[in-house]
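Visitor: fold the following, please.
(one chain, ligands or ions: 4)
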Amino acid sequence: MTKNEIADVLSEIATLMELKGENPFKVRAYANGARAIEAIENAEFASMVEEGRLNTVKGIGEALAAKVAELHATGRLAFLDALKASIEPGLVDMLEIPSLGPKKIAVLKRELGVTSIMELERACKEGKVAALAGFGEKTQEKLLAGIRNREAYSRRHLWWKAVGLAAPILHGLRALPGVQAAESAGSLRRRMETVGDLDFIVASSEPRPIVDWFTAIPGVVEVTARGDTKASVRLDGGLQADLRIVPADQYVFALHHFTGSKDHNVQMRQRALERGLSLSEWGLVPASGEGTARDKSARSEGVRAADERALFAALGLSFIPPELREGLGEIEVAEKGELPRLVELSDLRGSFHNHTTESDGRSTLHEMAAAAQALGWDYLGIADHSKSSRQANGLAEDRLLAQVSEIRALNAAGTYRTHVFTGTECDILPDGSLDFDDAVLGELDYVVASVHSAFSQDEAAMTARIVRAVEHPRTTMLGHLTGRLLLEREAYRVDAAKVIDAAIANGVVIELNANPRRLDMDWRLWRRAAERGLLCSINPDAHEANALQLVLAGVNSARKGWLTAASVLNTLPLAKMAAWLEARRSRR
Ligand code: DGT
Ligand code: CA
Ligand code: CA
Ligand code: ZN
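Guide: Numbering: from 1, shown residues only. Ligands and ions are numbered 1, 2, ... in the order given. Presented below is the predicted three-dimensional model:
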């Protein structure tokens, strides 16, 4: 087991013990232990465990060190297994409800005997939860809303998670004998931030064995439909997957149709009709007469298309990338041949919003720099939390300035080919002021300003607060505009248009937070904003070295927002990037 996985296990133990109502000192010992382990460098960690020196680390006693050694050697922990077995699984499910932590769940169980989400819902509806000390009407309403949201959200899945499930299936399909082509279609191919179900399109003249294979893949919990050329299954975790197998000459049309979106398809069909053609999942044929593309005779007079490019060309259009197929004007622009060259992952030369073990990250500065170098990045910006983010171990001035010195020394030593820029993710305080004074901010290469508190302000107050931060002369970019967590937490109320206006007026960048749970600012706002001159920074908000790769999810959303490399700040090569930051600094 790796260091971070072990830290996860210790945090889990802390949560489970709290859930059981155990002694708070014991709970804290595990939580602190997890933190202490996260702060150790990977290489150092392995030798400490092997040499039995872990108990010399502050926050790790003998008993904890023994458990860590067991996990490191075997990947298992008898203590955890016993702990899990002693807790009702329904209590663990309740942790998924926002605003419900282990402490409150323990109270609900002790006072009301609640041990599942269903029982909690009933207790809320009967008003019993509001009557409990420390809960009240407002909390009860919040819990009910949380339970309802959980049901609604459980029908969709994050793109990032869905693509992880789809990739091996697609790989398997392509490897089957008799498969001429296979592709993921639907919202996954359009790179939507969330996905309702997976859609696979396969070209083959021998569908039966493909259906047999698909309905028997590992992870299928239920076959919901099965025919000669199609099937639907439910995968472990609740995601549905649809398969359609078509003859090779229909493949391009089926792929286009099932990629969608519905709006795009409706407009494409309309365009075909205007040209006397009928477009469907089966083909593109003359619209006259009764025949559909399904009839052999009609198909023989149909348009042949070797790929989607040819399909679009047959309707007088340049190729429209799947990300743009949302029926939002892409067809009109493709008709003029003026679709932009969208930003690509390989255009990125670095990123700015990244954490280290100094705040709530799990990788050290060195590990982050090494990972950025491995990605071939020119530069990496470090933006740890500021002092008011206490729950995230935010840095006060002294620690921030010490980090700045460390980073400067690292750059001077030339340890990594990747240059490290010094920054902060500075809290925007409830009144819109920043968490550090101007002199401290002036020491940094850049400042990401973000809201992490007082989420319940009304729209006017929140908007004024963020606009004030954007107008601050030391603000370089605005972090996660709305604070939303997809499928988990609503955005706070903010007038995005006013914030965008302020950012453009002040030359401030808005981030596209690439964490797959955020993707904030939303892609639907980017096209118009970028046309008006707003610059985007695609930021992974990485809390560990591996997470730098999350920029891919940000690139997906940037493409959906029609962004070109010219609108994305972190496509600049190092020299230009440094000059841009310096110009920005001297202007303020
Ligand atoms: P999802 O699964 O909810 O994330 O979204 P999609 O876009 O993957 O939708 P899905 O799986 O229901 O269908 C895949 C594509 O098939 C969809 O994007 C467009 C096409 N399609 C499905 N139903 C219709 C329809 O009623 N009319 C048209 N024009 N196209 C449809
Ligand atoms: Ca779908
Ligand atoms: Ca579907
Ligand atoms: Zn943040």
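
Visitor: what's downstream of the helix or strand of the chain with the lowest mean pLDDT, the next helix or strand?
Guide: Comparing helices and strands within the chain by mean pLDDT, DSSP states H and E singles out helix 296-300 as the least confident, with a mean of 52. Next along the chain after helix 296-300, taking DSSP states H and E as the criterion, comes helix 308-314.

Visitor: can you give me the helices in the stretch 201-350 of the chain?
Guide: Along the stretch 201-350 of the chain, counting by DSSP state H, counting those that start in this stretch, helices occupy 208-214, 251-259, 262-274, 296-300, 308-314, 330-335.

Visitor: low-confidence stretches in the stretch 151-300 of the chain?
Guide: Filtered on pLDDT under 70, the stretch 151-300 of the chain yields the residue ranges 152-153, 289-300.

Visitor: show me which residues of it sit near ligand 1.
Guide: 186-187, 192, 195-197, 199, 257-258, 260-262, 265-266 (C-beta under 6 Å from any ligand atom). Where you see a C-beta, it was placed from the backbone N, CA and C, and this is true even at glycine.

Visitor: return the residues in contact with residue 519.
Guide: Contact partners of residue 519, counting by C-beta atoms under 8 Å, 6 or more residues apart in numbering, are 193, 486, 512-513, 553-554, 557.

Visitor: in the stretch 301-450 of the chain, which residue sits closest to ligand 1?
Guide: Proximity of the stretch 301-450 of the chain to ligand 1 (C-beta to the nearest ligand atom) peaks at residue 325, 8.3 Å away.

Visitor: that should have said the stretch 1-150 of the chain, apologies.
Guide: For the stretch 1-150 of the chain, C-beta to the nearest ligand atom, closest residue to ligand 1: residue 149, 17.9 Å.

Visitor: from residue 488, how far out is that residue?
Guide: Applying C-beta to C-beta, to the nearest Å, the value for residue 149 to residue 488 is 8 Å.

Visitor: find residues that contact each of these two.
Guide: With C-beta under 8 Å, 6+ apart, residue 149 and residue 488 have common neighbours residue 98.

Visitor: thinking again about what came up before, the contacts of residue 519 in helices, which ones?
Guide: Using DSSP state H, 553-554, 557 are the members of these that sit in helices.

Visitor: hang on, the earlier thing: so what's the residue of the stretch 301-450 of the chain closest to ligand 1 closest to, chain neighbours aside?
Guide: Excluding its sequence neighbours, the residue lying closest to residue 325 (C-beta to C-beta, 6 or more residues apart in numbering) is residue 264, at 4.1 Å.

Visitor: any stretches of the protein with poor pLDDT?
Guide: Within the chain, the ranges that satisfy pLDDT under 70 run 152-153, 289-300, 588.

Visitor: what residues go with each domain of it?
Guide: With domains defined by automatic domain parsing, the chain comprises 3-153, 156-176+196-245, 247-339, 345-586.

Visitor: could you identify which of these is most buried?
Guide: When those are scored by mean count of other C-beta atoms under 10 Å, the highest mean neighbour count falls to domain 345-586 (a mean of 20).

Visitor: hmm, that domain in reach of ligand 1?
Guide: No: judged by C-beta under 6 Å from any ligand atom, domain 345-586 makes no contact with ligand 1; its nearest approach is 12.5 Å.
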